[in-house]
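Undergrad: Structure of the sequence below:
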Amino acid sequence: MKTELLETLIAFHQTGSVTEASTALRITQSSASKRLAQLEAISGTQLFKRQGRQISLTDGGLQMASKAREAMATLKSILEPQSSSSSNIVIGVSESILTSWGAEVLQKALRRIEGLRLEIHAHRSPVIVDKVRMGAYDVGICAGSSFGAQGLVSDPLRQEQMILVSRKNSDTKELISIETNASTWKSISRHVKEQGYRITRYQESYASAVNMATCGFGTTLAPEGIAKRMTQGCSKSMVLTQTGFTRPVSLVYRKSLLQNETFEALRKHLI
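TA: Numbering: from 1, shown residues only. Predicted coordinates for the structure are as follows:
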């Protein structure tokens, strides 16, 4: 069986939709759908249940996805070089982090760590975590903190301030922000509710949410880094307001990577 079929199943399980799975894998939606149909045919098991246009995994599909993650991680560990001095590190970075302060931090690491080579990818944090677990990425810089239960090491990097972005001072409690299945939301949802805020417009990325604020659609809740980066030089006078709460950012990796000298140097630089 082609591993790409299992990778597509894992991506679908992680993202919850064929569209997002295809985006994560950088293939067309049609290709993703064909792979899933082929996997179901080969397995002889009903992996998906359909209700209208919505598709979800059956119990059999959930079991296969779980086993597929374990199998892909094992396969990767067998095939990858067992060198403690490999200087090529494949890293996935949360899109909002790479868009703001992440690129600068990684560039400093490249300047300071002799021989370090980075292959950098941008994704949503849940996709990065899944790819690290499977061995597709060596390490991830992700929003969130509770990754230890998923068989990974999670080092805290920073607590990034969450701020309000608007074109004028406003006491509105209705906000534009990231959709609720994002990793950041799990970390800040309690604080949002405690302060009486309501997310009334959901966006797929913080970049689009902040851009909506700059164009006058309303007030956006976003991480400080991307809010400042996207409003820098903005032709409209923007108001950035502290909320008093933060989102955690973590360095996520498999424990075996600690044997790699170059990664250990990168880890010490980042944390």
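Undergrad: sec struct for residue 233, please.
TA: For residue 233, the assignment made with DSSP: H, G, I helix; E, B strand; the rest coil gives coil.
Undergrad: change the start of the numbering to 349 and stick with it
TA: OK, 349 is where the count begins now, so the last one is residue 581.
Undergrad: Please report phi then psi for it.
TA: The phi/psi pair for residue 581 (degrees, to the nearest 10) reads phi 80, psi 10.
Undergrad: how many neighbours does it have?
TA: Other residues within reach of residue 581, judged by other Cβ atoms under 10 Å, total 6. Where you see a C-beta, it was placed from the backbone N, CA and C, and this is true even at glycine.
Undergrad: could you measure it against residue 562, distance?
TA: To residue 562, residue 581 is 11 Å away according to Cβ to Cβ, to the nearest Å.
Undergrad: again, but for residue 504
TA: 31 Å.
Undergrad: These two - which one has more neighbours?
TA: Ranked by neighbour count (other Cβ under 10 Å), residue 504 and residue 562 place residue 562 first, with 18 against 11.
Undergrad: Next one: the closest residue to that one other than its chain neighbours from residue 524, what distance?
TA: In this structure, residue 562 finds its nearest non-sequential neighbour in residue 582, 5.4 Å apart by Cβ to Cβ, 6 or more residues apart in numbering. Applying Cβ to Cβ, the value for residue 582 to residue 524 is 16 Å.
Undergrad: These two: which is more packed in?
TA: Applying other Cβ under 10 Å to residue 582 and residue 524 shows that residue 524 carries more neighbours, namely 24 against 15.
Undergrad: residues contacting that one?
TA: Residue 524 makes contact with 547-551, 557, 560-561, 565-569 under the criterion Cβ atoms under 8 Å, 6 or more residues apart in numbering.
Undergrad: just the buried members of those residues?
TA: Neighbour counting with 16 or more other Cβ atoms under 10 Å marks 547, 551, 557, 560-561, 566-569 as buried within the contacts of residue 524.
Undergrad: need these in TSV with secondary structure, distance to residue 538 and pLDDT, can you?
TA: Below are the buried ones among the contacts of residue 524 laid out as TSV (DSSP: H, G, I helix; E, B strand; the rest coil; distance: Cβ to Cβ, whole Å; pLDDT from 0 to 100):
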residue	secondary structure	distance to residue 538	pLDDT
547	strand	13	93
551	strand	21	91
557	helix	20	94
560	helix	24	94
561	helix	23	93
566	coil	22	93
567	strand	20	95
568	strand	19	95
569	strand	14	95
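Undergrad: for those residues, which one is nearest residue 461?
TA: Closest approach to residue 461 among the buried ones among the contacts of residue 524 (Cβ to Cβ): residue 557, at 34.0 Å.
Undergrad: host element of residue 484?
TA: Under the criterion DSSP states H and E, no helix or strand holds residue 484.
Undergrad: I'd like to know how many residues surround it.
TA: 18.
Undergrad: Repeat that for residue 407.
TA: Residues near residue 407, counting by other Cβ under 10 Å: 10.
Undergrad: show me where the chain has strands.
TA: Ranges of strands in the chain, per DSSP state E, are 396-399, 402-405, 436-442, 465-471, 487-491, 501-514, 522-526, 546-551, 567-571, 587-601.
Undergrad: Enumerate the positions of the third one that are buried.
TA: Under the neighbour-count criterion of 16+ other Cβ under 10 Å, strand 436-442 has 437-442 buried.
Undergrad: again, but for the second one
TA: By neighbour count, with 16+ other Cβ under 10 Å as the criterion, the buried positions of strand 402-405 are 403, 405.
Undergrad: So what are the sheet partners of it and their directions?
TA: strand 396-399 (antiparallel) (DSSP bridges).
Undergrad: do the same with the last one
TA: Partners of strand 587-601 in the sheet, by DSSP bridges, are strand 487-491 (antiparallel), strand 501-514 (antiparallel).
Undergrad: Please state the offset of that strand from the chain centre?
TA: Its chain's average C-alpha position is 15 Å from that of strand 587-601, according to Cα atoms, centre = their mean, to the nearest Å.
Undergrad: what's the single longest helix in this structure?
TA: Looking across the chain with DSSP state H, the single longest helix is helix 407-427.
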